[in-house]
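Visitor: Next comes the sequence, and after it the predicted model I'd like to discuss.
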Amino acid sequence: MLIPFSMKNCFQLLYNLKVPIAGLKNAAKGGLILQSTSNNIYQNLAVEDWIHDHMNLEGKPILFLWRNSPTVVIGRHQNPWQECNLNLMREKGIKLARRRSGGGTVYHDMGNINLTFFTTKTKYNRMENLKLVIRALNAVQPQLDVQATDRLDLLLEGQFKISGTASKIGRTAAYHHCTLLCSTDRIALSSVLKSPYHGIKSNATPSVPSLVKNLLENNNTLTCEVLMESIATEFAAYHQIDSNSILISPSDETMFPGIKRKAEELQTWEWIYGKTPKFSVNTSLNLLREQSCSEMKIYVDVKNGRIEDCNIDAPGHWLPKEMLDKLSTSFIGNKFCHSEATMLLNALLRTCPKDHELYSKWHLLCEKVKTIM
Ligand SMILES: Nc1ncnc2c1ncn2[C@@H]1O[C@H](COP(=O)(O)OC(=O)CCCC[C@@H]2CCSS2)[C@@H](O)[C@H]1O
């Protein structure tokens, strides 16, 4: 059962703060089950940060249940250009988020449940959490064949991934979070998790692609709502606590002081793209014009999301070398970013000689350059 946030719940949360707030003394017994009212990835990741940073989890584990509108979530040390199709995501309005935990890239939508298990560092035990999820699944559907693998994925029928795991271990607190595919749009999942960008070299963590399946495809009783309820019940039984989930609003500053700033930070370009490990792109692109095809080469070094070095090369008959050099130089110091490149190229286009052929070639080349970002 879900109970909405009330002052009682607020106190239950607040008196567990590491930094004690005057007047709040009691302690939540045994643990808490929280469920987010938000489907915004940045707000939900901010709740994780907030609990991790502010709550005393000693003897009081927390389970946080949350879902998001369509989003690609990359791991802390990943390269978004290597992991997903950013152009397609822009087109479809699919968000991109970088989480604080390591590991690979996953797709979220309202058919995917996220579970975060918060404990002290000493009580952190991912396999135990996954076993709890399996028990919850079997409580709804006893015949369901689900197993945890060594890399802590959950597999359905020995071959289809239904859950992926990642974690963050802090000084005293830790969390293990995992996904659970109930009724996600699998077409969207596979199309956005395919990178169209070529020639990227980096030491970023690569994802490990798998065959995926939705639980609802196996059995039509396995909806998100039923599964969240069953997981909450199993968590409550295991920790001998009340099985009611407390509904929380991640934008509630009275309950989570400072949370808005956390969500804002997770939304910045500097966090999402800027934290990409240093990488280079070395690729060639075809310039098709009036039935002839020329090849341009582009080389870029990117550090902290910004272009440190750039070299664009095309045949001399296509564009004068001075123009190509001007283009390469003007990229240096700029963000490796589609919208910033668009502004820069539009400004450069205005300085282009008013020669129709030159202008159209320059325009085409600029459009091609943008496709790698
Ligand atoms: N939602 C979801 N659930 C399970 N598996 C998925 C999902 N989306 C994609 N995939 C598959 O997993 C691989 C990547 O596997 P890989 O093992 O590389 O990465 C993960 O599993 C990371 C899990 C992170 C969980 C966090 C919990 C809260 S915020 S995100 C991808 O290529 C797909 O084949």
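Guide: Right, received. Where do you want to start?
Visitor: When you work out contacts or count neighbours from here on, use the C-alpha atoms and nothing else.
Guide: OK.
Visitor: which ones are touching the residue nearest the centre of the chain?
Guide: Central residue of the chain (CA atoms, centre = their mean): Val73, 1.5 Å from the mean position. Neighbouring residues of Val73 by CA atoms under 8 Å, 6 or more residues apart in numbering: Leu96, Ala97, Arg98, Arg99, Thr105, Val106, Tyr107, His108.
Visitor: from those residues, which are also near the ligand?
Guide: Checking the contacts of Val73 against the ligand by CA under 6 Å from any ligand atom, the ones in range are Thr105, Val106, Tyr107, His108.
Visitor: Make CSV out of those residues and add secondary structure.
Guide: Putting those into CSV (DSSP: H, G, I helix; E, B strand; the rest coil) gives the following:
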residue, secondary structure
Thr105, coil
Val106, strand
Tyr107, strand
His108, strand
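Visitor: which of these lies closest to Leu154?
Guide: Of all the ones next to the ligand among the contacts of Val73, Leu154 sits closest to Val106, with 13.9 Å by CA to CA.
Visitor: All the helices of the stretch 251-373 of the chain, in order from the start?
Guide: In the stretch 251-373 of the chain, the helices defined using DSSP state H, counting those that start in this stretch lie at 259-266, 269-272, 321-331, 338-350, 356-370.
Visitor: Looking at the contacts of Val73, which is nearest Ser339?
Guide: Leu96 (15.0 Å).
Visitor: Which residues of the stretch 1-150 of the chain lie near the ligand?
Guide: With CA under 6 Å from any ligand atom as the criterion, the stretch 1-150 of the chain comes near the ligand at residues Val73, Gly103, Gly104, Thr105, Val106, Tyr107, His108, Asn112, Asn114.
Visitor: The last one: what secondary structure?
Guide: So that's Asn114. strand.
Visitor: Tell me, how many residues neighbour the closest residue to it other than its chain neighbours?
Guide: Distances taken as CA to CA, 6 or more residues apart in numbering put Thr179 closest to Asn114, at 4.5 Å, once the chain neighbours are dropped. A count of neighbours around Thr179, defined by other CA atoms under 10 Å, yields 22.
Visitor: Name all residues that make contact with Thr179.
Guide: By CA under 8 Å, 6+ apart, the contact list for Thr179 reads Asn112, Ile113, Asn114, Leu115, Ile162, Ser163, Gly164, Thr165.
Visitor: follow-up on the earlier one: report pLDDT for the residue nearest to the centre of the chain.
Guide: The per-residue pLDDT reported for Val73 equals 99.
Visitor: repeat for Lys25
Guide: 25.
Visitor: again, but for Leu14
Guide: Reading off the confidence values, Leu14 has pLDDT 45.
Visitor: So which bits of the stretch 201-350 of the chain are right by the ligand?
Guide: Residues of the stretch 201-350 of the chain lying near the ligand by CA under 6 Å from any ligand atom: Ser207, Val208, Pro209, Ser210, Leu211, Val212.
Visitor: Tell me, please, the helix or strand in the protein that averages the lowest pLDDT.
Guide: The weakest-scoring helix or strand in the chain, judged by mean pLDDT, DSSP states H and E, is helix 7-14 (a mean of 44).
Visitor: Beyond that helix, next helix or strand please.
Guide: strand 32-36 (DSSP states H and E).
Visitor: what mean pLDDT does that following strand have?
Guide: 98.
Visitor: Next: stretch 241-260.
Guide: 97.
Visitor: which parts of that stretch are buried?
Guide: By 16 or more other CA atoms under 10 Å, the buried positions in stretch 241-260 come out as 241-251, 255-256, 259-260.
Visitor: Stretch 335-354 now?
Guide: Neighbour-count burial for stretch 335-354, counted by 16+ other CA under 10 Å, picks out Lys335, Phe336, Cys337, His338, Ala341, Leu344, Leu345, Leu348, Leu349.
Visitor: Excluding chain neighbours, give the residue nearest to the last one in space.
Guide: Spatially, and ignoring its direct neighbours in sequence, Leu349 is nearest to His363 (7.0 Å; CA to CA, 6+ apart).
Visitor: you'd agree that neighbour is up against Leu348?
Guide: No: with contact defined as CA atoms under 8 Å, His363 does not count as touching Leu348 (9.8 Å).
Visitor: confidence score at the residue of the stretch 251-373 of the chain found nearest the ligand?
Guide: Residue of the stretch 251-373 of the chain nearest the ligand, by CA to the nearest ligand atom: Leu266 (12.7 Å). Listed pLDDT for Leu266 reads 98.
Visitor: Look at it and say how many residues are nearby.
Guide: Other residues near Leu266 come to 21 when the count uses other CA under 10 Å.
Visitor: State the mean pLDDT of the helix or strand containing the residue nearest to Asn114.
Guide: Following DSSP H and E, the helix or strand that holds Thr179 is strand 173-181. If you average the pLDDT over strand 173-181, you get 98.
Visitor: re earlier: buried only: go through the residues of the stretch 201-350 of the chain next to the ligand for me.
Guide: Among those, those scoring as buried are Ser207, Val212 (criterion: 16+ other CA under 10 Å).
Visitor: pLDDT wise, what is Leu358 at?
Guide: pLDDT recorded at Leu358 is 87.
Visitor: What sits closest to it if chain neighbours are left out?
Guide: Spatial nearest neighbour of Leu358, chain neighbours left out: Leu319 (7.1 Å); criterion: CA to CA, 6+ apart.
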